[in-house]
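Asker: give me a 3D structure for the following:
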Amino acid sequence: MPAKTARYVVRSSDVISENKVNVLEEASERVIWYKERYLAEDEIIEHVVENATSTLLWTIHRPLRGWYIRLRAPTFPPSVYISLLPLPKNSPHHTQAALFFSCRTNVPTSPVSPSYPSSSQSPPPPPPLNPSSPSTSTKSSLESDDTLTEPSQSPVSHTYPPSPTPPAILVSPPSPRSVRAKLDSLSPLPAHRLSRPRMQITEFLLAPHVQPAAPEPQQDQGFFSRALRAFRNNTPAPSNSFMICELPPAPPQPPAPPLDGTSGSGPGSRPSAPAARPHRLPPTPLLVFHDTTPVFTLNSTSGIFELNTEEMRKLGVDVGFWIAVALVYGEFLADREGYLAAVAD
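Answerer: As a prediction, this is how the structure comes out:
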């Protein structure tokens, strides 16, 4: 398991009438979040609550008739929600019972270089003084051209050789802009200063997650063992394991072949072979649910949430949101036949 991964136990309440699902720390068995169900006049409303503070984080809305899944935070304006929608069949990532949704996330930014400060943070430092100009070489960057005056030209009689008359200096306070420019020229910006993260709309995929079965040892077994293995291999697995990941962009379409089927290099050229599609790496899951619900169990859920905390931190979305999405999608998979029938109607 990666170092930056958190695991939580998902377990339904023993009291069936509560319709409550708890999410616990794997090590301490302490309840971190829980989901409760309530019935409204025309909706099924579920609350995802932080257990330590009893804070309502998200509400999940589903109709009594028809089909939709909507998530709302208490801070959302009226009629604003996040919808979980069926993935279109023409999507290259389409699978049975796959859903997707969109939400705002952070765009990762790099630290601001101290050698090239941003114009939005502070003005650029003043230009260097020209050493060939005597009038500017004796001025400070905090002084203006009007701060120095010419010496008096009136003649003065002396019995001794005259001494030079010092010029009269008028001191004026520097402007705030010149002070900032001077300070920036003396001390560069710290390297660890980060710019404010930008936001973007990101799409995420929810899809069933199939784990490969462990190979069984090849040894002589009795008739009963072989019959039981054949029964397991031909029985559909009731597992509702799934994953949540960022929806990769659609791959670019390959160029269309010539109409005559040749490459066009000459009359004797061979038909061009179709271009190979670029290999796409599988997306990194943000959350994986490992279903451990026993077979032939009704109205009960148990499993493990495995969270990629490093990727979630980069996106800037609270962990409670991913828990709410995972809980409602797990419930969707448990009753997928009813959902799919409602969509078809």
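Asker: check the burial of T59 by counting its neighbours.
Answerer: Using other C-beta atoms under 10 Å, T59 has 19 neighbouring residues. Just so you know, the C-beta spots here come from the backbone N, C-alpha and C atoms, and that holds for glycine as well.
Asker: who does the host helix or strand of it pair up with?
Answerer: Element membership of T59 [criterion: DSSP states H and E] is strand 55-63. Here strand 55-63 has these sheet partners by DSSP bridges: strand 43-50 (antiparallel), strand 69-72 (antiparallel).
Asker: could those strands be laid out in JSON lines, adding distance to V21?
Answerer: Below are the strands paired with strand 55-63 laid out as JSON lines (distance: least, C-beta to C-beta, whole Å):
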{"stretch": "strand 43-50", "distance to V21": "9"}
{"stretch": "strand 69-72", "distance to V21": "16"}
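Asker: most packed of the ones you listed?
Answerer: Mean neighbour count, computed with mean count of other C-beta atoms under 10 Å, is highest for strand 69-72 among the strands paired with strand 55-63, reaching a mean of 19.
Asker: after that strand, next one along is what?
Answerer: Following strand 69-72 in sequence, per DSSP H and E, is strand 82-86.
Asker: list the neighbouring strands of the very next helix or strand once past that following strand plus their orientation.
Answerer: Downstream of strand 82-86, the next assigned helix or strand under DSSP H and E is strand 99-107. Strand 99-107 has the following sheet partners, assigned by DSSP bridges: strand 82-86 (antiparallel), strand 198-208 (antiparallel).
Asker: need those strands in a markdown table with mean neighbour count, mean pLDDT and distance to D318, can you?
Answerer: Below are the strands paired with strand 99-107 laid out as a markdown table (neighbours: other C-beta atoms under 10 Å; pLDDT from 0 to 100; distance: least, C-beta to C-beta, whole Å):
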| stretch | mean neighbour count | mean pLDDT | distance to D318 |
| --- | --- | --- | --- |
| strand 82-86 | 15 | 96 | 13 |
| strand 198-208 | 16 | 93 | 14 |
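Asker: let's have the ones you listed in TSV, adding distance to L315.
Answerer: Putting those into TSV (distance: least, C-beta to C-beta, whole Å) gives the following:
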stretch	distance to L315
strand 82-86	14
strand 198-208	7
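Asker: now the helices for the stretch 201-345 of the chain?
Answerer: Listed in chain order, the helices of the stretch 201-345 of the chain (DSSP state H, counting those that start in this stretch) span residues 223-234, 309-315, 319-334, 336-344.
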